[in-house]
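Student: What follows is a predicted protein model with its sequence.
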Amino acid sequence: MMPSPTTTGKRLPDLVFRALDGSELRLESLLGHPVLIDLWATWCGLCVEAFPDLARIYEQTRSTGLIILSIDQADDATVAQKYLKKLHYPWQNFYDPGDIDKSLGATGVPRTIIIDSSGVVVFDKVSPTLQELRAAIGKLGSEYTRALGN
């Protein structure tokens, strides 16, 4: 059994997300916006099965300011990037050579973390259901509830 995530109610460290092209994004730079982080791997069946739902959430909430990004936990970052590009998933993907997993506490994938606009983790769960995810996003504010049609 995987350990339970322990970041809910806390601020995450200022993580640095690395893209395949070498660019970086600091978590601190996203303050003021809610952020959904999806930790996944190409070898994880549950992860790839969840992407169509994540794509619908992305489309429904993109005008609300919710930032969705994914962090690939696979061994080869190019495989993950090709996979996302082939299926036209629009969010930005980063890879993790292990630093992020260590900072967050290894729990397994798929794992979804939602951070509110003040930088506090409001949701952190391994293998969340679509209903749990939509409910957590809806709690960010009425504009998110409206966008999702909840």
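Tutor: Nice, I can see it.
Student: which residues does the nearest residue to residue 30 once chain neighbours are set aside bridge with?
Tutor: Leaving aside its chain neighbours, residue 30 sits nearest to residue 67 (5.8 Å; criterion: C-beta to C-beta, 6 or more residues apart in numbering). C-betas here are computed from N, CA, C, even on glycine. Beta-bridge partners for residue 67, by DSSP bridges, are residue 35.
Student: From the contact counts, what lies against the helix or strand containing residue 94?
Tutor: Secondary structure from DSSP states H and E places residue 94 in strand 92-95. Using 3 or more C-beta pairs under 8 Å, 6 or more residues apart in numbering; DSSP states H and E, the elements in contact with strand 92-95 are strand 16-18, strand 67-72, helix 77-86.
Student: starting at the chain centroid, how far to that strand?
Tutor: Taking C-alpha atoms, centre = their mean, to the nearest Å, the mean C-alpha location of strand 92-95 is offset from the chain mean by 10 Å.
Student: Now that strand: average pLDDT?
Tutor: Here strand 92-95 scores 92 as its mean pLDDT.
Student: List the buried residues in that strand.
Tutor: 93, 94, 95 (16 or more other C-beta atoms under 10 Å).
Student: mind checking which of the helices and strands packed on strand 92-95 is nearest residue 47?
Tutor: Ranking the helices and strands packed on strand 92-95 by distance to residue 47, with C-beta to C-beta as the measure, places strand 67-72 first at 9.0 Å.
Student: packing partners for the closest one?
Tutor: strand 35-40, helix 45-61, helix 77-86, strand 92-95.
Student: List of residues touching the third one?
Tutor: In this case it means helix 77-86. Contacts to helix 77-86, defined as C-beta atoms under 8 Å, 6 or more residues apart in numbering, come from residues 20, 40, 41, 42, 48, 70, 72, 74, 93, 95.
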